[in-house]
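Peer 1: Here's a sequence, model it:
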Amino acid sequence: MKNIYLVGFMGTGKTAVGKLLSKKLSKEFIEMDDLIEKKEGRKIVDIFAAWGESHFRKLEKQTLEEISHKTDLIVSCGGGLICSDDNSKILLESGTVFCLTATAQTIYNRTKRHKHRPLLNVSDPLQEIKSLLNKRKPYYDKAHYSIDTEKTSPQEAADKIIETLNKN
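Peer 2: A predicted model of the protein is given here:
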């Protein structure tokens, strides 16, 4: 089976849904940010602070390239991973891509207490979320499927993904 990639903005439920899918489908779950942290020996927020976002995006791409040569994985991708043409091509060719979505306000409510989110360590995080969502929308729209997690539990989102996979 091809990999299942979960993309979308932070706080849309990629990790929670991915873990449930992994159990339900008996497939290995990979959290890309955790994998990068393990390989680099430091937290994402520290990578951003030391070398900036562009360095982090290079690490992300290298990790994606490694993962894309495997199969049968459930992969929770960083929110900005799909936002490069090279990465979206790799994702779309090596797996089935589900974009998890929610409104800016819901994302803010879900992430406002998390200080490990470097892109939201700004004076107006809600405005930053709106801006990033707007910039990323064309890339998120490339996903094979979209699941709105606004009023959907992770369990329901996982079930919708399995239902979609079974139809194809």
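
Peer 1: pull the longest helix from the chain.
Peer 2: Counting residues, the longest helix in the chain under DSSP state H turns out to be helix 44-67.

Peer 1: average model confidence for the helix or strand following that one?
Peer 2: Following helix 44-67 in sequence order, the next helix or strand is strand 73-76 (DSSP states H and E). For strand 73-76, mean pLDDT is 98.

Peer 1: how distant is the helix or strand following strand 73-76 from the center of its chain?
Peer 2: Later in the chain than strand 73-76, the nearest helix or strand by DSSP H and E is helix 85-94. Relative to the chain's own centre, helix 85-94 is displaced by 14 Å; criterion: CA atoms, centre = their mean, to the nearest Å.

Peer 1: Who are the packing partners of the next helix or strand after helix 85-94?
Peer 2: Following helix 85-94 in sequence order, the next helix or strand is strand 95-101 (DSSP H and E). Applying 3 or more CB pairs under 8 Å, 6 or more residues apart in numbering; DSSP states H and E, one finds that strand 95-101 contacts strand 3-7, strand 145-148, helix 154-167. The C-beta positions use only the backbone N, C-alpha and C, and glycine is treated the same way.
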